[in-house]
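> coords please:
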Amino acid sequence: MLRRTLAALAVVTALTTVTTSGIAEASAAEGRGPRVLDVMTFNIHHAQGTDGVLDVRRIADVVRESGADVVGLQEVDNHYSGRSDWADQAADLAALLGYHVVFGANIDNAPPAGSDHRIQYGTAILSRYAITESDNTWLYKSPGQEQRGLLHAALDVRGRTVHFYCTHLAASSQTDRLQQTPQIVDRIGATQPAILVGDFNAVPTAPESQPLQSAYTDAWATSPHPRGDGATYPPRLRPSGSTTSTPRRR
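Numbers count the residues shown, from 1 in each chain. Okay, the predicted model is just below:
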């Protein structure tokens, strides 16, 4: 179990271990221990650190060192601009790690002159396990706000399907977040087993966090492993977006 704030990177990372109910039940029936997934949420700030250095390999090193099986990434560039050397960052990270990957474009603009690549920015999911299907759902956006989304990947985890969701909610509009969190709950619905990670830009006690707190089990709060107050970035806060959640049974 690991949570860290990197002084060199303007990012939030969180790692937790989740035992999904469907996997645990299947394993118990077969006489084995529960199958465990180590999952991480990581806002990579287009791989540029607080030191101003653009370094995708440094991001890959953090993921590799964590041992995470599945990672939800936020602020990922895909041929976005010169700030990230026009790179496909999700594909580059997957290649460095040997992981499967899916990218969700929440900003999606026409290619610049002389290029066939669309200008995209959004979230991504890296997985040690095969991704069998994926989709990206755009969330509520008020005028003048950035488009946000909920990226979903179905993973084949040792023969069992696990649904993994990654999001990055509005940074400067509580009004938008109040609309976005119920959308996420409705979109995930009764899907089981499922894991939600992301940068929610809100603490767990915030009004916009309550639909998620009511619908899901906060893996950070319920884990028996000691890990402090969960502060990430800035260090005085534990954003609910730095937790991993699994849907409650209703």
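> and T132, how many neighbours?
11 (other C-beta atoms under 10 Å). C-betas here are computed from N, CA, C, even on glycine.
> can you check the one 3 residues further on too?
Burial of D135, expressed as a neighbour count using other C-beta under 10 Å, amounts to 13.
> Excluding sequence neighbours, find me the nearest residue to it.
In this structure, D135 finds its nearest non-sequential neighbour in H152, 5.3 Å apart by C-beta to C-beta, 6 or more residues apart in numbering.
> Could you point out the helix or strand that follows the helix or strand encompassing I195?
Following DSSP states H and E, one finds I195 within strand 194-199. Scanning forward in sequence from strand 194-199 by DSSP H and E, the next helix or strand is helix 210-215.
> helices or strands up against the helix or strand following that next one?
Using DSSP H and E, the helix or strand that follows helix 210-215 in sequence is strand 216-218. With contacts defined as 3 or more C-beta pairs under 8 Å, 6 or more residues apart in numbering; DSSP states H and E, strand 216-218 has these neighbours: strand 245-247.
> who's sitting farthest from the centroid in this protein?
Within the chain, G114 marks the point farthest from the mean C-alpha position, 32.6 Å out by C-alpha atoms, centre = their mean.
> List the contacts of the most centrally placed residue in the chain.
Central residue of the chain (C-alpha atoms, centre = their mean): G72, 2.6 Å from the mean position. Neighbouring residues of G72 by C-beta atoms under 8 Å, 6 or more residues apart in numbering: 39-42, 123-125, 151, 164-167, 197-198.
> and it, what helix or strand is that in?
strand 70-78.
> What's the per-residue pLDDT of the residue nearest to the centre of the chain here?
If you check G72, the pLDDT there is 98.
> picking up where we left off before, state the distance from the residue nearest to D135 to H100.
According to C-beta to C-beta, to the nearest Å, H152 stands 14 Å off from H100.
> before we move on, what about T137?
Relative to H100, T137 is positioned 20 Å away (C-beta to C-beta).
> sorry, back to before: what about H152 and H100, which has more around it?
Comparing H152 with H100 by other C-beta under 10 Å, the one with more neighbours is H152, at 23 against 19.
> what residues are up against that one?
Contacts of H152 (C-beta under 8 Å, 6+ apart): 134-137, 163-165, 187.
> Let's see that with 10 Å instead.
102, 104, 125, 133-137, 163-167, 187-188, 191, 194, 196 (C-beta atoms under 10 Å, 6 or more residues apart in numbering).
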